[in-house]
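Novice: Predicted model and sequence follow; I will ask about them next.
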Number of protein chains: 6
Amino acid sequence: MFYHDKRLQYPVRVETPDPVFARMLQQAIGGVEGEIRVCMQYFFQACGARGPTNKYRDVLMHTATEEMGHIEMLATAVALNLETAPTELQEAGAADGVVGAVMGGGSARHTIEGMLHRHILSTGMAAYPANSDGVPFDMSHIYASGNLAADMYCNVAAETTGRVLAVRLFNATQDAGMRDFLSFLIARDTMHQQQWLAVIEELGGASALPIPNSFPQSEEKNEFSYNFFATGVDGAPPPAGPWSEGPSLDGKGTFSVFQNKPMGEEPVLGPARPDSGAQTEQMG
Amino acid sequence: MFYHDKRLQYPVRVETPDPVFARMLQQAIGGVEGEIRVCMQYFFQACGARGPTNKYRDVLMHTATEEMGHIEMLATAVALNLETAPTELQEAGAADGVVGAVMGGGSARHTIEGMLHRHILSTGMAAYPANSDGVPFDMSHIYASGNLAADMYCNVAAETTGRVLAVRLFNATQDAGMRDFLSFLIARDTMHQQQWLAVIEELGGASALPIPNSFPQSEEKNEFSYNFFATGVDGAPPPAGPWSEGPSLDGKGTFSVFQNKPMGEEPVLGPARPDSGAQTEQMG
Amino acid sequence: MFYHDKRLQYPVRVETPDPVFARMLQQAIGGVEGEIRVCMQYFFQACGARGPTNKYRDVLMHTATEEMGHIEMLATAVALNLETAPTELQEAGAADGVVGAVMGGGSARHTIEGMLHRHILSTGMAAYPANSDGVPFDMSHIYASGNLAADMYCNVAAETTGRVLAVRLFNATQDAGMRDFLSFLIARDTMHQQQWLAVIEELGGASALPIPNSFPQSEEKNEFSYNFFATGVDGAPPPAGPWSEGPSLDGKGTFSVFQNKPMGEEPVLGPARPDSGAQTEQMG
Amino acid sequence: MFYHDKRLQYPVRVETPDPVFARMLQQAIGGVEGEIRVCMQYFFQACGARGPTNKYRDVLMHTATEEMGHIEMLATAVALNLETAPTELQEAGAADGVVGAVMGGGSARHTIEGMLHRHILSTGMAAYPANSDGVPFDMSHIYASGNLAADMYCNVAAETTGRVLAVRLFNATQDAGMRDFLSFLIARDTMHQQQWLAVIEELGGASALPIPNSFPQSEEKNEFSYNFFATGVDGAPPPAGPWSEGPSLDGKGTFSVFQNKPMGEEPVLGPARPDSGAQTEQMG
Amino acid sequence: MFYHDKRLQYPVRVETPDPVFARMLQQAIGGVEGEIRVCMQYFFQACGARGPTNKYRDVLMHTATEEMGHIEMLATAVALNLETAPTELQEAGAADGVVGAVMGGGSARHTIEGMLHRHILSTGMAAYPANSDGVPFDMSHIYASGNLAADMYCNVAAETTGRVLAVRLFNATQDAGMRDFLSFLIARDTMHQQQWLAVIEELGGASALPIPNSFPQSEEKNEFSYNFFATGVDGAPPPAGPWSEGPSLDGKGTFSVFQNKPMGEEPVLGPARPDSGAQTEQMG
Amino acid sequence: MFYHDKRLQYPVRVETPDPVFARMLQQAIGGVEGEIRVCMQYFFQACGARGPTNKYRDVLMHTATEEMGHIEMLATAVALNLETAPTELQEAGAADGVVGAVMGGGSARHTIEGMLHRHILSTGMAAYPANSDGVPFDMSHIYASGNLAADMYCNVAAETTGRVLAVRLFNATQDAGMRDFLSFLIARDTMHQQQWLAVIEELGGASALPIPNSFPQSEEKNEFSYNFFATGVDGAPPPAGPWSEGPSLDGKGTFSVFQNKPMGEEPVLGPARPDSGAQTEQMG
């Protein structure tokens, strides 16, 4: 179960509110690279973790709980960036007063054009769980497979795209408060990349591959387990690299290139049946 | 651009059609761990690949093209498993004739109860791009970040969950044809895990971390880059492991544990503005 | 604006309630082939219809209004089929009493297994706007392009898949009341196919092609306007037919076969920029 | 920010694991009436709360934090109900051994037919953030309007449908452990209905209506503010009740019935423009 | 069943077409606070209404029918606001002619930047069932629980957020025609808030709580039915108010504050099974 | 199975990169009128095609394969249009340097306001499978009904809306490279409209109606199969046309007009059951 502290994990300051940057920050809340995703992903992985001890459940829940606080900080940052946002579609040529001034000379109309309209119409100048194009977060992005090693790679993937996003947000703004806050999130993403890779190491690293390691490899078609399948129409091989020659990373095979070709036949399905709503011509 | 051969990459045989297994196979077509996802993910990563050469674009497009053929085989497998599926909600006690027989004694009614109804109502006994619970595939699952290393971790994640799924499908059926086909897919997933990890190696492996490596780490809050943040209410540390002590995997820091605590303040937003549709009481 | 009559357009009778057939009927409410779709599609096409007169707006609104009544009848049919549905997960071997009896001997447990659980948990034995696999209807399926001829083809498409669905539902049940009701819907789908094709005729039929006819065909790459592009890897042509030879249907060209081949070059994108969150290696 | 305790808020016991009940429980996790929804709804309302003090922010965050623990308990209940679930589509007539026994005599095959297949294929016998028909939770259901009184009605609505759901789950199972757990959730829903209604009272109750109360009612078309619009085609009034006569609940008007009739004209849109992709016939 | 009149319920006039306001109006069509939602919500509640008489079914259908006309007016308003919208991405410095003039001096390019692009590309300057950020309406927002009192609270919630939205739209525009039209919608939302609250009164008001009232409260964990659970990490109570002390609103209890604490244990799931696709390490 | 060639089907040139046009092009990738849709639609129709020969399977697969190359070209066009896009939210009055210049004088800030933010934040200046408002493509738009004639009408519908979209994109840009490329796509859409109509002709044309033709028309309610149902409240007929009089298009009936009226009764559902979570008042 959970507890909260009213204070934020890290200070969130906005020097010059910018409602278009508020839109950008939404990607870190409700985007697929964002914080709801990692929070809920670690949470559901923790709740479903099976194994001899609860070790990984615990590790995951520590970080899920931290991420909940990241969503809170970002939602605060969005609200602060919207504090002086315009609410009325004035004529473009009109004097914009205070609002325009803080926007660096842009008119209120142009600012609204670049905003998420739901910030004005649906939330009253606050964050909502959607991305920077207004698409609501969809929980199908919570990857929790029941296989710990697979889950860890999903987590590394989430934290790499997450840090890429945080860096882009950092680059997009000159606001000193926002940059300070984002430099904290970037540091945390560094750690989270590291920690999930460390779990993979403890689970055996490359030698734990292929995932899942509980399936006897004797039952897979071994002759196709370490071949790069080339699909160029002219038979040209793929660019050479450690994926096309040399020992495989799991130490269990040797990479080679295989020119993809049909091993099967053209499929022939049975005719449509009379009760199946097809055209009569399909039933012959 | 692309070409096709009418024949399948690998033989797809079904000995005893089972419409409930057809439902299960849908997960490998339209599930988040499935083949549409990897096909389209590699395709869009290829189309957006930026770099000094087109090397990674090429590698990605080879495999995207292979995956298109995997969707084709799975769609064929679904259609074959539906060949004798019931279409009418008979009484449960009724004799089921041929259909029931191939279902191992189950009645047509019970079989329909376990099927995806859209296999009967929408497709006329064929595959569609949805998962095993009938949820259509949603292209937001195509991860293509513009950062090659991040993309490769996304690809490894996809192939690990993909192989876990293929193994579960293998375990769920006793049909010799389906098991042979799935053992091919499992082998290909083994290779695809390997090949994307090999690309990461070529991109620098652990020393390419943190991703993106183009952001100067001096600009992140370094004091928080290698700390595991503990969030237990009683101050208890997380389980010890390579994530909580010792050198970090990127060789740039040393792991430690930090008890999470508020460094920020309780946020205070400005009052609601008169034109914002709030209650009057919020404007004081 | 709109008015209602409490009575249904056509009688809806259920002789033997069947909660699994209630699930099937959901496809005709909230499926992509269903009645919400056509109702809303004709409605939005009507509201956006531009032209010298309001003729097509009117035709569309007449039928949109009829379709609203179709949703009502289907929702009633779902509720009636759920009247005696089980609500408790009894043991499979338990005597089921009245409920089991009307289900033809199936147990309550098995019936629940085949039901949409939201019929029990979310609606209290009533219809909801989702399909037979429980996926909610998504309004992106409302096609209203602003081009009347294109819209009419979208409408014919909707009514053909709609009638296919209604026929499959008819085939799936032996309930006399439901069959009588469905035979009415099937007849209406026959008419709606006809009426939208009749509008296409009035708009010029084949001679109105290609759609939109307001774009000067001299501006399209005419040498590729009537060629079937063959993509077989072995250069084999497609099956011969009226799509590969002879005059085109719009009377403006002659069909031929063209072996697809690259006319463009391999694309080369610029390198990643330093501020773009890519790996350093991509910036060379 | 947030903290966690490894222990659950309330004991979660399952006496006889039932994988079909696991499916039902998913509605309380990822259904629109479920716990992710209220957790995130209160959280985002808290983060965006504007007003002279942080009072309502605090009240909301207390309960958001409690709800996070409710998701955790439900996810645990799902995993426990899946502990002995079948993973293989055996023939229906086969002896099922231990699994069948705990299912009350149902076969493994029938049990799988009634399960969410992603419990087998995607999660390895654990919960995921989807509803009982497998549809992932979609964050567009987080209502946080920036108007406190509107938000409170959204919260009451969520808790009423939430308690209806919990009662239906209670009725659906005979498992003593699950019933004990659900009786706790039902009690908490009782309180949460009460507490949000209490906030409405403090905000003025009926006299705070209409919401938002910051819009001067003199600017609305007052002649239509307290009329029930009747839309029966025969002009019949609606059933009489406190909505059709007597003083309005906000004390500012008197209810009456108004027969709906067109006050506007038939809309006439301008013709399609030449560059708009319409048919030529629409441009006249 | 239903009928239509070609004329609109209320006049819809646009003095100065503004395509960015057309985008804003989309929120009232396809947003979660919009008119499709209430129309379909009342419609499905009506179709599923169970009770001794059809009274509430009738009341609901009257208003569902009215709301259908609201969608029609809003769709007309969107089309009229798009009448002079630009279709070409001219250079920003170019003279914009008539279009720019009516936009108050903004260039065509800037106007397009602020528009929903689907208004140009997909609809030919007409409305579509999506919100102001272009997200299509999703029918999972139709709340119809089978419990009349719960449904009424859902309806009040919909009308409060609906009126908040209408007020924000009113504030966003200076167009006299649009303001007149919106002041009509605002008045109707006032009534609809009132009428659903009046139904709640007739159903017993506060004394009908908790919802559902058909579940015997003796079966819920009464000791937790009227306690505000405090989750502050420092044990601080929530802000005092009518939710933390005094009699409960349903007259059945007394509010108090309870410091949340674990009553359950740390959950321990069984190990992963050999056939479950987990890592071998999870099976110990 | 499939093969690829590194080169594009047709040259893709961008003279002046325009990131707002990149946004527009997304509609042709991930919009419902776009190329992912037709590619996947033809692919799944091919995979499920049932009939005496594989003729239509082959025809469909040829074109599915061509469409895959169309997605590739469009994705390339998007990336090229984003090459010089701004990444930082500068002040509106700031000098924009090179970037602004190529935008025709617009500032970087205004350009960002009109862009899809995910082009900056999620993809690093590349295409993704979403539409021009950022909504990801949803595979429920893949229509593959198992009825060949119905599928062909779905394909014509897709190609008519597809060509309308391509024309609008052509009209929106003055870039010579983009116009040349789009004129190729427009030509291909012309052909694809033609070829699917040609398949319908071979399947019998109008005489194959109504679809499905395998359902004996004697079983539908023939008295309603060729009547236009008028729903005007005043009994006024619809506009006269070939849909309201004269022989039907399938040669099997004669059109007439029927004034819609209730043939059914007001529905009366059974009372709510005690275990159904309704209010007690609904159970009488």
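Specialist: Right, received. Where do you want to start?
Novice: what's the burial count for A:Ala176?
Specialist: Counted with other C-beta atoms under 10 Å in any protein chain shown, the neighbours of A:Ala176 add up to 12. Using the backbone N, CA and C atoms, a C-beta is placed for each residue, glycine as well.
Novice: can you pull the contacts of it?
Specialist: When contacts are counted by C-beta atoms under 8 Å, 6 or more residues apart in numbering or on different chains, A:Ala176 touches A:Arg13, A:Glu15.
Novice: pLDDT below threshold where in chain A?
Specialist: Residue ranges of chain A with pLDDT under 70: A:91-106.
Novice: would you list every one of the strands in it?
Specialist: With strands called from DSSP state E, chain A shows them at A:2-4, A:227-230, A:246-247, A:254-259.
Novice: Comparing the ones you listed, which comes out most buried?
Specialist: Across the strands of chain A, averaging neighbours per residue (mean count of other C-beta atoms under 10 Å in any protein chain shown) puts strand A:2-4 on top, at a mean of 26.
Novice: What is that strand packed up against?
Specialist: Where contact means 3 or more C-beta pairs under 8 Å, 6 or more residues apart in numbering or on different chains; DSSP states H and E, strand A:2-4 is packed against strand D:2-4, helix D:55-81.
Novice: Reformat those as TSV; add distance to F:Thr87.
Specialist: TSV is the format used below for those (distance: least, C-beta to C-beta, whole Å):
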stretch	distance to F:Thr87
strand D:2-4	33
helix D:55-81	34
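Novice: Which one, of the ones you listed, ends up nearest to B:Leu182?
Specialist: helix D:55-81 (26.3 Å; C-beta to C-beta).
Novice: so what does that closest one touch, helix or strand wise?
Specialist: Here helix D:55-81 touches strand A:2-4, helix A:35-47, helix D:19-30, helix D:35-48, helix D:176-202, strand E:227-230, going by 3+ C-beta pairs under 8 Å, 6+ apart.
Novice: now the ones you listed in TSV, with distance to B:Gly31?
Specialist: Converted to TSV, those look like this (distance: least, C-beta to C-beta, whole Å):
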stretch	distance to B:Gly31
strand A:2-4	31
helix A:35-47	16
helix D:19-30	16
helix D:35-48	21
helix D:176-202	29
strand E:227-230	38
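Novice: From E:Leu116, how far out is the residue nearest to A:Asp133 when sequence neighbours are not counted?
Specialist: Ranked by C-beta to C-beta, 6 or more residues apart in numbering or on different chains and with sequence neighbours excluded, the top spatial neighbour of A:Asp133 is F:Gly134, at 2.7 Å. For F:Gly134, the distance to E:Leu116 (C-beta to C-beta, to the nearest Å) stands at 11 Å.
Novice: Please enumerate the shared neighbours of these two.
Specialist: Contacts common to F:Gly134 and E:Leu116, judged by C-beta under 8 Å, 6+ apart, are E:Gly134.
Novice: ok, back up a step: pretty sure the residue nearest to A:Asp133 is touching F:His119, no?
Specialist: No. Using C-beta atoms under 8 Å as the test, F:Gly134 is too far from F:His119 to be in contact (9.2 Å).
Novice: Who has more neighbours out of those two?
Specialist: Remark: of F:Gly134 and F:His119, F:His119 carries more neighbours, 29 against 26, as counted by other C-beta under 10 Å.
Novice: show me the contacts for that one.
Specialist: Counting by C-beta under 8 Å, 6+ apart, F:His119 touches F:Pro19, F:Ala22, F:Arg23, F:Val78, F:Leu82, F:Ala85, F:Met125, F:Ala126, F:Tyr128.
Novice: JSON lines for the residues you listed, including distance to F:Phe215?
Specialist: Listed next are these as JSON lines, based on distance: C-beta to C-beta, whole Å:
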{"residue": "F:Pro19", "distance to F:Phe215": "52"}
{"residue": "F:Ala22", "distance to F:Phe215": "47"}
{"residue": "F:Arg23", "distance to F:Phe215": "45"}
{"residue": "F:Val78", "distance to F:Phe215": "45"}
{"residue": "F:Leu82", "distance to F:Phe215": "51"}
{"residue": "F:Ala85", "distance to F:Phe215": "54"}
{"residue": "F:Met125", "distance to F:Phe215": "52"}
{"residue": "F:Ala126", "distance to F:Phe215": "48"}
{"residue": "F:Tyr128", "distance to F:Phe215": "42"}
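Novice: Can you tell me how far the residue most central in space within chain A is from F:Tyr128?
Specialist: Geometric centre of chain A, nearest residue: A:Glu33, 2.8 Å, by C-alpha atoms, centre = their mean. When distance is defined by C-beta to C-beta, A:Glu33 is 12 Å away from F:Tyr128.
Novice: A:Pro11 too?
Specialist: For A:Pro11 relative to F:Tyr128 (C-beta to C-beta), the value is 34 Å.
Novice: Residue of the stretch 151-284 of chain A closest to chain D, please.
Specialist: Residue of the stretch 151-284 of chain A nearest chain D, by C-beta to the nearest C-beta: A:Pro212 (9.5 Å).
Novice: Would you confirm that A:Glu159 contacts A:Arg188?
Specialist: No. Counting by C-beta under 8 Å, no contact exists between A:Glu159 and A:Arg188, whose distance comes to 9.0 Å.
Novice: wait, what's in contact with the closest residue to A:Leu203 other than its chain neighbours?
Specialist: Nearest residue to A:Leu203, sequence neighbours excluded (C-beta to C-beta, 6+ apart): A:Ala149, at 5.1 Å. Counting by C-beta under 8 Å, 6+ apart, A:Ala149 makes contact with A:Ile200, A:Leu203, A:Gly204, A:Ala208, A:Ile211, A:Pro212, A:Asn213, B:Thr160, E:Gln279.
Novice: from those, which ones fall inside helices?
Specialist: Residues of these located in helices (DSSP state H): A:Ile200, B:Thr160.
Novice: got a winner among the contacts of A:Ala149 for most neighbours?
Specialist: Most surrounded of the contacts of A:Ala149: other C-beta under 10 Å gives A:Ile211, at 34 neighbours.
Novice: Nearest residue to that one in space, please, no chain neighbours.
Specialist: In space, A:Ile211 is closest to B:Thr160, 4.2 Å off (C-beta to C-beta, 6+ apart).
Novice: so how far is E:Arg57 from the one you found?
Specialist: Computed as C-beta to C-beta, the B:Thr160 to E:Arg57 distance reads 52 Å.
Novice: And A:Ser225, how far from B:Glu201?
Specialist: 18 Å.
Novice: So which bits of the stretch 101-250 of chain A are right by chain D?
Specialist: Contact residues, the stretch 101-250 of chain A versus chain D (C-beta under 8 Å from any C-beta of the partner chain): A:122-130, A:136-140, A:142, A:144-147.
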